[in-house]
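A.B. asks: The following comprises the amino acid sequence and a computationally predicted model.
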Amino acid sequence: MKNYLHPEEAAAKVAAAIKKGANEASSNETENAQAGAEQVINLQSCETGHNTSDSAGQEEQAQATTDASAVDNSKVSASAEPPRKRLAPNYSKEEEEVLKQQTAVVEAEIQRVINDTRYHATPFTGGQNCIINIKEAVADGIEVATPKINRIHGKDKQKTGESIEKYGAQCVLIGITAAMARAVGLEVTSFKSQKGNIDDSAIVIIDGNGRLDYLMNLPITEWPDLYATFPNPDANGFYNIAKVYEEINTNIKTWGTQDFMQKRLLEEGTSCHKGWKMVNELLRKGYLYQAACETATLNLDRIKKGEILSASGYDVFANYDSAVQIHDSLVKKFGEGEDKILKTKHIPMLVSTLWRGLQRESGNAIATEKFVAFIEQLSDDVVNQMKMAKATKTDTGKVSKDEYRKAIFEKTFKDHFKGDSQSEN
């Protein structure tokens, strides 16, 4: 057990050690002196509200602290380093470039909001952030929206909402503008009680969705005062919107596969493989997830969560160029209307199967060229048959609309390439 010196005695010994020279001071003297100085610091921090009339003792205590720093400067320097600097994220150069772009957009949007009186925004931290009066902003025509990414409001949303009505909103919401959301690849949608497209000026609530979702069902006149701020920058000064989702009350254990894809798009930004963006765009157009995956990969199944989390985009989308050419030709021929021919898994899966058969025979480039040529020569009659297809009953049972479409497409494909093989012979 260490024997701690009295603070005044410690101060005297430290001063003597410095005058004498650090090399001449014994290791025990130095250790005890430093321990005494640390005791001084602890005493000072615990004396809040207790004043001393002995000014000479205070001066000696301060001198002890200063001199102890001189004895072991390296330890003090390490402990004095700001926590934010010590804990700053270690980004790669690519990640930093993406975050720089995102940060520039966020900073510009914050200034725009501050200068737009409709938001009723009050700046703080020197204009680097602001607090928005959501109730007044909505009353003045500013739209509020929510991310499409899965948010868990919990079974107590009604209870929370009633509490807000009774006692007021005690927690500030966190939001971004729709322009910020789109800049980082975050898909947004309206709350259930809203209609119409989401304007870039809308405030997208990323923390507090349940509270606002409850209030959206009430007249604006019944809302309590409600405020929101933008996310704060990280220790490196970047606005990392993707990381915000992990730090707020989004329960990622309940995220679906598509949510993790959104997260990857946010994290990788402009460096993200185009295949991920293609899948996301197809989902936005109403494609089912498996159909979107099959269309963008020319594989026979959906992209698994493990692949989204860790696989290289170049491995997942090895057939991306061929997939884009084939999809473009299908859209020109069938469109992306209400018939949803391309939006369910059946036709995309059949396309992948038939293309892979050609690929085994001829390689990617020739297989793609042949498949695109086949699609382009499809007659209007075949296209209309597929669009107008309905579920039918047969001797063997009921055939679904999608199965009927597959049968038409596959028969036409086989007839086409059977004719080609005969002409080659």
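C.D. replies: Yep, it's here. Numbers count the residues shown, from 1 in each chain.

A.B. asks: can I see the domain layout of this protein?
C.D. replies: 7-80, 93-253, 273-424 (automatic domain parsing).

A.B. asks: Name the SS class of residue 175, please.
C.D. replies: strand (DSSP: H, G, I helix; E, B strand; the rest coil).

A.B. asks: My understanding was that it contacts residue 132; is that so?
C.D. replies: Yes. Judged on C-beta atoms under 8 Å, residue 175 makes contact with residue 132 at a distance of 7.2 Å. Glycine gets a C-beta too; all of them are placed from N, C-alpha and C.

A.B. asks: Pick out whichever of those two has more residues nearby.
C.D. replies: Taking other C-beta atoms under 10 Å, residue 175 and residue 132 do not tie; residue 175 has more neighbours (28 against 24).

A.B. asks: Quick check: bridge partners of that one?
C.D. replies: On the basis of DSSP bridges, residue 175 is bridged to residue 205.

A.B. asks: do you know how far it is from residue 130?
C.D. replies: Per C-beta to C-beta, to the nearest Å, residue 175 is found 11 Å from residue 130.

A.B. asks: Same check on residue 375?
C.D. replies: Taking C-beta to C-beta, one finds residue 375 at 52 Å from residue 130.

A.B. asks: same check, this time on residue 413
C.D. replies: For residue 413, the distance to residue 130 - C-beta to C-beta - is 59 Å.

A.B. asks: okay, now the closest residue in space to residue 223 that isn't next to it in sequence: neighbour count?
C.D. replies: Spatial nearest neighbour of residue 223, chain neighbours left out: residue 135 (4.8 Å); criterion: C-beta to C-beta, 6 or more residues apart in numbering. Residues lying near residue 135 (other C-beta under 10 Å) number 18.

A.B. asks: and if you look at residue 231?
C.D. replies: 20.

A.B. asks: try the one 10 residues further on
C.D. replies: Other residues near residue 241 number 25, with proximity taken as other C-beta under 10 Å.

A.B. asks: how much space is there between it and residue 129?
C.D. replies: Separation of residue 241 from residue 129 (C-beta to C-beta) stands at 14 Å.

A.B. asks: higher neighbour count, residue 375 and residue 130?
C.D. replies: residue 375 (22 against 19).

A.B. asks: contacting residues for that one?
C.D. replies: By C-beta atoms under 8 Å, 6 or more residues apart in numbering, the contact set of residue 375 is 326, 329, 330, 333.

A.B. asks: related to what we said a few turns ago, can you tell me which of the domains of the chain is nearest to residue 266?
C.D. replies: domain 93-253 (3.6 Å; C-beta to C-beta).

A.B. asks: ok so, going back, format the domains of the chain as JSON lines; extra columns: distance to residue 259.
C.D. replies: Shown next, in JSON lines, are these (distance: least, C-beta to C-beta, whole Å):
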{"stretch": "domain 7-80", "distance to residue 259": "40"}
{"stretch": "domain 93-253", "distance to residue 259": "5"}
{"stretch": "domain 273-424", "distance to residue 259": "10"}
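
A.B. asks: out of those, nearest to residue 264?
C.D. replies: Counting by C-beta to C-beta, residue 264 lies closest to domain 273-424 out of the domains of the chain; the figure is 5.8 Å.

A.B. asks: re earlier: could you dump the domains of the chain to JSON lines with distance to residue 267 and mean pLDDT?
C.D. replies: Below are the domains of the chain laid out as JSON lines (distance: least, C-beta to C-beta, whole Å; pLDDT from 0 to 100):
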{"stretch": "domain 7-80", "distance to residue 267": "31", "mean pLDDT": "46"}
{"stretch": "domain 93-253", "distance to residue 267": "5", "mean pLDDT": "82"}
{"stretch": "domain 273-424", "distance to residue 267": "11", "mean pLDDT": "91"}
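
A.B. asks: With that, I have no additional questions.
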